[in-house]
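Enquirer: The sequence isn't on hand, but the structure is:
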């Protein structure tokens, strides 16, 4: 079992930055793929970015490429999402999720989920 806890959300103005953190307990992120997803009110939960730490692989959704950076620290059992040049359309609840095996954008393949953290970007 893996327990995930997100933190770092908040309210910022457009153009600002936030860094989200995802902490794992129960076991390490080693061998897992970790994805960041977001869900705006009334919309489906969408893939934002992901990382497989053991392979050094990252992947980004088109809407965040060049603005967001996903990284991780195996020793600290943490994954981060650095969000720069934020836009109002980035407003959502952000979730981290973990799965065994390959990194994927398919949310139904992720077994473990955090509770989410709210990000609000004002214009």
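Expert: Structure received. What you see is a predicted model; the values in this text were computed from it and never measured.
Enquirer: Every contact and neighbour count from this point should use C-alpha atoms.
Expert: Will do.
Enquirer: residues contacting the residue nearest the centre of the chain?
Expert: What sits nearest the mean C-alpha location of the chain, by Cα atoms, centre = their mean, is residue 36, with 2.4 Å. Taking Cα atoms under 8 Å, 6 or more residues apart in numbering, we find residue 36 in contact with 47-50, 81, 94-97.
Enquirer: Most neighbours out of these, which is it?
Expert: residue 96 (32 neighbours; other Cα atoms under 10 Å).
Enquirer: Let's see the pLDDT reported for that residue.
Expert: Confidence at residue 96, expressed as pLDDT, is 98.
Enquirer: Check the one 3 residues further on too.
Expert: The model reports residue 99 with a pLDDT of 96.
Enquirer: now it: how far from residue 9?
Expert: Taking Cα to Cα, to the nearest Å as the measure, residue 99 falls 23 Å from residue 9.
Enquirer: Would you reformat the contacts of residue 36 as JSON lines and include distance to residue 113?
Expert: Formatted as JSON lines, those follow (distance: Cα to Cα, whole Å):
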{"residue": "47", "distance to residue 113": "13"}
{"residue": "48", "distance to residue 113": "14"}
{"residue": "49", "distance to residue 113": "15"}
{"residue": "50", "distance to residue 113": "13"}
{"residue": "81", "distance to residue 113": "15"}
{"residue": "94", "distance to residue 113": "11"}
{"residue": "95", "distance to residue 113": "7"}
{"residue": "96", "distance to residue 113": "6"}
{"residue": "97", "distance to residue 113": "4"}
